[in-house]
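**Student:** With the input below, show me the fold.
(one chain, ligands or ions: 2)
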Amino acid sequence: MAEILAVGEAMKRALALLEGGEVVAIPTETVYGLAGDATSGAAVARIFEAKGRPRFNPLIAHVADLAMAERIAVFDPLSTKLAKAFWPGPLTLVLPQRPENGIHPLVTAGLDTIALRMPRGFGGGLIARLGRPLAAPSANSSGRISATTAQAVAADLGGKIKLVVDGGATPVGLESTIVKIEDGKLKLLRPGGIAAEEIEAVAGVELVRGAAGIEAPGMLASHYAPGASMRLNVGRIASGEALLAFGRDRAEGWQNAVAVRNLSETGDLREAATNLFAYMQALDRSGAATIAVEPIPFDGLGEAINDRLARAAAPRDKIE
Ligand code: TXA
Ligand code: MG
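**Tutor:** Ligands and ions are numbered 1, 2, ... in the order given. Purely as a prediction, here's the structure:
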């Protein structure tokens, strides 16, 4: 089983493992990541293996600073502006790769673009000390709910990795927002921990939704799937269902729910984002066959919350 070490005591051990081409689960401000040296084919292969992730689905490379990012990819002025405004933080930029940037092609599934982000907290210091970028997908089995605590990582992947660095519950709770400039347009590839409106305010242009293309791998299919099936936007709870609630007003029949978690009593979408994955897991553990979810508004972080819920509810034959 994986060792769990608190951030304050984990740096040396994490560095030694990464230098040896091993993978380490680390906290970031969004969700826990399963990190490996992005320049090592062996390390990156271990990430795919531990997650059971299809190799055509590329990973995000995490950097310590803008200089490291600029050695890996070519920045246009708007991407630089967004990086300066939101890094470190929950924004991932997809950019053209520089030739011979040292990134192992497994990271990008052979694409000529690369997804980059600068995480807050432990990860940033770790990358700076390693001196190399870390490839890190969310630290969960492919297709399953992303982990927001060290305990959730250990429960899912503990038998496959040596170390989980425990930084407590992740503050944002949703993965990063992914954007890409293409054909002169700023495209939203994945809604996430920074609301689209915030990015638009800095960019001065509107984000284009519904982008297709390579961005597709694993992005529309079933993902974030709990064991239970999911029923969204419910106005009435059937007996035997678990209830994922939001706000002050309850759906009809809520008293019949076998378990209830409220994402935010006050209707705060930021709080709801932080709680989303942990509450889905808790309701899944209740043993209910179905988790019924009350309607959640689409503004701000609601866009990303609704995106994750829709994928959790998608037909399971399409897992990643
Ligand atoms: O917050 C996050 O982003 C977390 C933490 C650990 O940093 N990471 C994360 O990684 O969510 P992952 O692997 O679960 O999701 C990365 C997404 C995938 O949907 C992948 O298809 C997309 O990024 N992606 C990676 N490289 C890409 C590229 N070159 N073009 C388009 N999409 C890309
Ligand atoms: Mg993921």
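**Student:** residues contacting the residue nearest the centre of the chain?
**Tutor:** Computing the C-alpha centroid of the chain and ranking residues by Cα atoms, centre = their mean puts Glu175 first, at 2.8 Å. Contact analysis of Glu175 by Cβ atoms under 8 Å, 6 or more residues apart in numbering lists Thr30, Val31, Pro90, Ser138, Ser146, Arg190, Gly192, Gly193. Heads up, the C-betas are built off the backbone N, CA and C, glycines and all.
**Student:** Now the residue in the stretch 51-200 of the chain positioned nearest to ligand 1. Nearest residue, chain neighbours left out?
**Tutor:** Per Cβ to the nearest ligand atom, Pro137 is where the stretch 51-200 of the chain lies closest to ligand 1, at 2.9 Å. Once flanking residues are discounted, Pro137 sits nearest to Leu59: 5.2 Å by Cβ to Cβ, 6 or more residues apart in numbering.
**Student:** which residues in the stretch 1-150 of the chain form helices?
**Tutor:** 7-19, 41-51, 66-72, 77-86, 122-130, 150-157 (DSSP state H, counting those that start in this stretch).
**Student:** Could you single out the most deeply buried of those helices?
**Tutor:** Mean neighbours per residue, mean count of other Cβ atoms under 10 Å, is largest over those for helix 150-157, with a mean of 21.
**Student:** And the host helix or strand of Leu283, what does it pack against?
**Tutor:** Using DSSP states H and E, Leu283 falls within helix 269-285. Using 3 or more Cβ pairs under 8 Å, 6 or more residues apart in numbering; DSSP states H and E as the contact test, the elements touching helix 269-285 are helix 150-157, strand 242-245, strand 260-262, strand 290-293, helix 302-313.
**Student:** still on that earlier bit, can you flag which of the contacts of Glu175 belong to strands?
**Tutor:** Secondary structure defined by DSSP state E assigns Arg190 of those to strands.
**Student:** can you redo the contacts of Glu175 as JSON lines with neighbour count and pLDDT?
**Tutor:** Formatted as JSON lines, those follow (neighbours: other Cβ atoms under 10 Å; pLDDT from 0 to 100):
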{"residue": "Thr30", "neighbour count": "28", "pLDDT": "98"}
{"residue": "Val31", "neighbour count": "28", "pLDDT": "98"}
{"residue": "Pro90", "neighbour count": "25", "pLDDT": "98"}
{"residue": "Ser138", "neighbour count": "27", "pLDDT": "97"}
{"residue": "Ser146", "neighbour count": "26", "pLDDT": "95"}
{"residue": "Arg190", "neighbour count": "19", "pLDDT": "94"}
{"residue": "Gly192", "neighbour count": "26", "pLDDT": "97"}
{"residue": "Gly193", "neighbour count": "26", "pLDDT": "98"}
